[in-house]
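Trainee: fold the following and give me the result.
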Amino acid sequence: MPKHSETRHLPYTPEQMFDLVADVPRYAEFLPWVTAIRVKSNSETQMVADMIVGFKGLRETFTSKVEKQRPGHLRVDYLDGPLKHLNNDWIFRSDGEGGCLVEFCVDFAFKNRMFEMLAGQVFDRALRKMINAFEERAAALYGEGARGAA
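Mentor: Numbers count the residues shown, from 1 in each chain. Take a look at the predicted model:
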């Protein structure tokens, strides 16, 4: 049952990071292994979407609900797919200097024991690649080191 949490200090506002992470329809543009997104419903406070992920011939669809509490918190709850469960939280707090602290926590388990074993072998590397993709996206959208830039 892989679980990971970390905090990163980034030179962007909590609002900028919230907007980036909440922009689920654009994930296929920058997240590795995400091949498509289908948004089923979307409002200011909640989104339900399918994320289609492909890796080495495997293709899976994950349906999740995203609870949005602008600008400080996004909670992702798993609804359907190959997992037993998935909980993912993003918390965005101002650092008082125009940047923010991003707290990221994910906890999940696969239904299939084989997937669980495979995920355990590559979990850290894959997770770091995904987190780095969010940071690179922020730099592309807002500029590197752009404290408070729009």
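
Trainee: check the secondary structure at the residue nearest the centre of the chain for me.
Mentor: For the chain, residue 21 is the residue whose C-alpha lies nearest the centre (C-alpha atoms, centre = their mean; 6.2 Å). Secondary structure state of residue 21, per DSSP: H, G, I helix; E, B strand; the rest coil, is helix.

Trainee: list the contacts of it.
Mentor: 74, 90, 134 (C-beta atoms under 8 Å, 6 or more residues apart in numbering). C-beta: built from backbone N, CA, C; applies to glycine.

Trainee: and it, how far is that from residue 131?
Mentor: Taking C-beta to C-beta, to the nearest Å as the measure, residue 21 and residue 131 are separated by 11 Å.

Trainee: what do you get for residue 43?
Mentor: Residue 43 is 27 Å from residue 131, by C-beta to C-beta.

Trainee: the more surrounded of the two?
Mentor: residue 131 (16 against 8; other C-beta atoms under 10 Å).

Trainee: and that one, what does it touch?
Mentor: 6, 8, 104.

Trainee: got the residues you listed as CSV, with distance to residue 62, pLDDT and secondary structure columns?
Mentor: Formatted as CSV, the contacts of residue 131 follow (distance: C-beta to C-beta, whole Å; pLDDT from 0 to 100; DSSP: H, G, I helix; E, B strand; the rest coil):
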residue, distance to residue 62, pLDDT, secondary structure
6, 22, 92, strand
8, 24, 95, strand
104, 17, 95, strand
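
Trainee: just the buried members of those?
Mentor: residue 104 (16 or more other C-beta atoms under 10 Å).

Trainee: ok, the contacts of residue 131 vs residue 36, which is closest?
Mentor: residue 104 (23.2 Å; C-beta to C-beta).

Trainee: ok, back up a step: residue 32: which of the contacts of residue 131 is nearest?
Mentor: residue 104 (16.1 Å).

Trainee: please name the bridge partners of residue 67.
Mentor: Applying DSSP bridges to residue 67 gives these bridge partners: residue 46, residue 75.

Trainee: test my guess that it contacts residue 44.
Mentor: No - the pair formed by residue 67 and residue 44 falls short of the contact definition of C-beta atoms under 8 Å, at 11.1 Å.

Trainee: which of the two has more residues huddled nearby?
Mentor: Using other C-beta under 10 Å as the criterion, residue 67 and residue 44 rank with residue 67 on top: 13 against 8.
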